[in-house]
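1. Sequence plus predicted model, see below.
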Amino acid sequence: MFSPDDIQARLRRRPFIPIRIVTTTGQTYDIHHPELMMVGRHYVIVGLPSKENPTQFEQDTLVAIIHLTEMQDLPTSTPSQDGPPA
């Protein structure tokens, strides 16, 4: 079980690593920007990003913290180490 402080600490990590939160029902929410998630005492508000600007949300959903079961790091894209073909 996560506390609000656990969630805030994860969102404040620098550099920020995108996360996936998983609920008791199996629903997942991908958080690519820390600004898209607000933490309250009993709930988190998850902003669903807009297509025009992924740091702004179009819709939001309320999730009870008691129902959060996992916070998984999402893969981040890294530049290829191989370079162009010779």
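-> Cool, the structure landed. Being a predicted model, the structure only gives us computed values, none of them experimental.
2. secondary structure class for residue 8?
-> helix (DSSP: H, G, I helix; E, B strand; the rest coil).
3. actually residue 70, not the one I wrote
-> Going by three-state DSSP: residue 70 is strand.
4. quick one: contacts for the spatially most central residue of the chain?
-> Most central in the chain under CA atoms, centre = their mean is residue 31, positioned 2.3 Å from the mean C-alpha point. Neighbour list for residue 31: 11, 18, 19, 20, 21, 37, 46 [criterion: CB atoms under 8 Å, 6 or more residues apart in numbering]. Placement of C-beta: from N, CA and C, glycine included.
5. Who does it form a beta bridge with?
-> residue 19 (DSSP bridges).
6. Same check on residue 59?
-> residue 48.
7. Test my guess that it contacts residue 48.
-> Yes. With contact defined as CB atoms under 8 Å, residue 59 counts as touching residue 48 (4.6 Å).
8. Name the residue in the two with the higher neighbour count.
-> More crowded of residue 59 and residue 48, by other CB atoms under 10 Å: residue 48, with 12 against 9.
9. if we can go back for a sec, so can I have TSV of the contacts of residue 31 showing pLDDT and distance to residue 66?
-> Formatted as TSV, those follow (pLDDT from 0 to 100; distance: CB to CB, whole Å):
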residue	pLDDT	distance to residue 66
11	97	18
18	96	23
19	97	18
20	97	18
21	97	13
37	97	16
46	97	15
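10. Weed out the non-buried ones from the residues you listed.
-> Burial by neighbour count, judged by 16 or more other CB atoms under 10 Å, picks out 11, 19, 21, 37, 46 from the contacts of residue 31.
11. Please, which helix or strand holds the third one?
-> This points to residue 21. strand 19-23 (DSSP states H and E).
12. Could you tell me how far residue 1 is located from residue 57?
-> For residue 1, the distance to residue 57 equals 26 Å [CB to CB, to the nearest Å].
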